[in-house]
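> coordinates only, sequence not included:
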């Protein structure tokens with residue numbers, strides 16, 4: 001008899017994710033974080049995830065969060081793999097592979113067309129070698145440093161609680177690529193993270209509100225110089241980081257100013273086989289951590 005048992009992630013078992021989070025990251029998750037993140041009713045689907053238990057104690061977990069995606073002009077359901085965590089005392093025991101295989105089987109049954117993810121360097125080889133995922137692309141990372149000061153830190157603290165009022169659509173879709181659908185439902189859902197949308201001249205910019213600004217998306221091909229100037233002068237940002245698929249318009253503008261560094265690896269698994277995934281592109285706003 002196996003020493004492991006596997007249970008599905010739902011509202012009644014989310015407490016195990018808080019336990020694993022603290023064990024893996026050495027700090028507690030924000031109260032309510034996972035309950036907000038796993039409330040995906042707006043998509044018409046629920047997350048698929050599993051927790052490996054040993055004597056009723058969580059040892060490992062991973063999930064697939066549903067998203068509405070535009071592929072070949074059609075709105076379909078895909079799911080992003082996230083929250084892969086293994087307790088330090090239970091690593092290198094094959095639990096991660098068992099959890100992912102269960103997720104793949106269940107998402108296929110529930111009509112999810114494909115899985116995608118942005119794995120770290122530790123889990124990436126397992127997805128490719130043992131789980132039959134496809135390496136789709138390596139995103140580009142661009143960072144601009146503006147410097148910091150006590151005055152900037154105080155200013156940012158004062159404005160950090162000010163929500164943005166603008167809306168945004170996915171510019172990658174407007175450029176003819178496939179990708180996540182940005183609508184009011186998604187923007188409201190993503191409030192489990194600290195981000196906002198600011199209107200900067202003609203462009204809407206979706207970004208976090210920490211000192212090192214993470215730029216999730218820019219609505220139109222606005223002047224990059226104007227955007228960087230705004231972040232430095234108005235937002236008092238210490239730096240600005242963009243991570244985006246190569247070939248996008250914003251990627252072209254960024255690469256003309258600084259050399260890109262490797263960003264996230266992107267993996268996919270086509271579950272239904274009904275759609276080609278070669279036109280998928282992503283940006284930082286698409287990651288569950290944004």
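Perfect, thanks for sending it. Remember, it's a predicted structure, so these values are computed and weren't measured experimentally.
> contacts, neighbours, all on C-alpha from now
Will do.
> Flag the shaky bits of the stretch 151-290 of the chain, pLDDT-wise.
Within the stretch 151-290 of the chain, the ranges that satisfy pLDDT under 70 run 155, 158-165, 221-222.
> in the sheet, who's paired with residue 76?
Assessed by DSSP bridges, residue 76 has beta-bridge partners residue 69.
> Quick check: it vs residue 66, distance?
10 Å (CA to CA, to the nearest Å).
> what does residue 11 give?
Distance check for residue 11 against residue 66: by CA to CA, it reads 16 Å.
> Give me the more crowded residue out of those two.
residue 66 (25 against 11; other CA atoms under 10 Å).
> Quick check: that one is in a strand.
Yes: using DSSP: H, G, I helix; E, B strand; the rest coil, the assignment for residue 66 is a strand.
> show me the contacts for it.
The neighbourhood of residue 66, defined by CA atoms under 8 Å, 6 or more residues apart in numbering, consists of 40, 43, 45, 46, 47, 77, 78, 79, 80, 112.
> Please enumerate the strands of the stretch 51-200 of the chain.
Listed in chain order, the strands of the stretch 51-200 of the chain (DSSP state E, counting those that start in this stretch) span residues 57-71, 74-86, 114-117, 134-145, 179-180, 195-200.
> which strands and helices sit next to the second one?
Here strand 74-86 touches helix 15-25, strand 57-71, helix 95-109, strand 114-117, going by 3 or more CA pairs under 8 Å, 6 or more residues apart in numbering; DSSP states H and E.
> Tabulate the ones you listed (CSV), appending mean pLDDT and distance to residue 270.
Output for those, formatted as CSV (pLDDT from 0 to 100; distance: least, CA to CA, whole Å):
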stretch, mean pLDDT, distance to residue 270
helix 15-25, 98, 27
strand 57-71, 98, 12
helix 95-109, 97, 9
strand 114-117, 98, 5
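> of these, which approaches residue 170 most closely?
Residue 170 sits nearest to strand 57-71 of all the helices and strands packed on strand 74-86, at 10.2 Å, using CA to CA.
> The helix or strand residue 232 falls within to strand 134-145, inter-axis angle?
For residue 232, the host element (DSSP states H and E) is helix 224-233. Taking axes from the mean of the first three to the mean of the last three CA atoms, to 10 degrees, one finds that helix 224-233 is oriented at 60 degrees with respect to strand 134-145.
> Give me the contact list for helix 224-233.
If you take CA under 8 Å, 6+ apart as the criterion, helix 224-233 is touched by 146, 200, 213, 237, 238, 239, 240, 253, 254.
> what do you get for stretch 273-283?
For stretch 273-283, the surrounding residues in contact (CA under 8 Å, 6+ apart) are 71-72, 113, 136, 139, 172, 177-180, 216-217, 242-245, 248, 270.
> now with 6 Å?
Stretch 273-283 is contacted from outside by 177, 178, 179, 243, 244, 245, using CA atoms under 6 Å, 6 or more residues apart in numbering.
> With neighbour count and distance to residue 281 added, can I get those residues in TSV?
Formatted as TSV, the contacts of stretch 273-283 follow (neighbours: other CA atoms under 10 Å; distance: CA to CA, whole Å):
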residue	neighbour count	distance to residue 281
177	19	6
178	23	6
179	25	6
243	26	11
244	27	8
245	22	6
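> Out of those residues, which comes closest to residue 150?
Residue 150 lies nearest to residue 243 out of these, by CA to CA, at 27.4 Å.
> In contact with that closest one: list those residues for me.
140, 141, 283, 284.
> could you dump those to JSON lines with neighbour count and distance to residue 31?
As requested, the contacts of residue 243 are exported to JSON lines (neighbours: other CA under 10 Å; distance: CA to CA, whole Å):
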{"residue": "140", "neighbour count": "22", "distance to residue 31": "33"}
{"residue": "141", "neighbour count": "22", "distance to residue 31": "31"}
{"residue": "283", "neighbour count": "27", "distance to residue 31": "27"}
{"residue": "284", "neighbour count": "23", "distance to residue 31": "24"}
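> how about these in CSV, adding distance to residue 124?
Formatted as CSV, these follow (distance: CA to CA, whole Å):
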residue, distance to residue 124
140, 17
141, 18
283, 19
284, 18
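> For residue 15, state which of these is nearest.
Nearest to residue 15 among the contacts of residue 243, with distances taken as CA to CA, is residue 284, at 27.6 Å.
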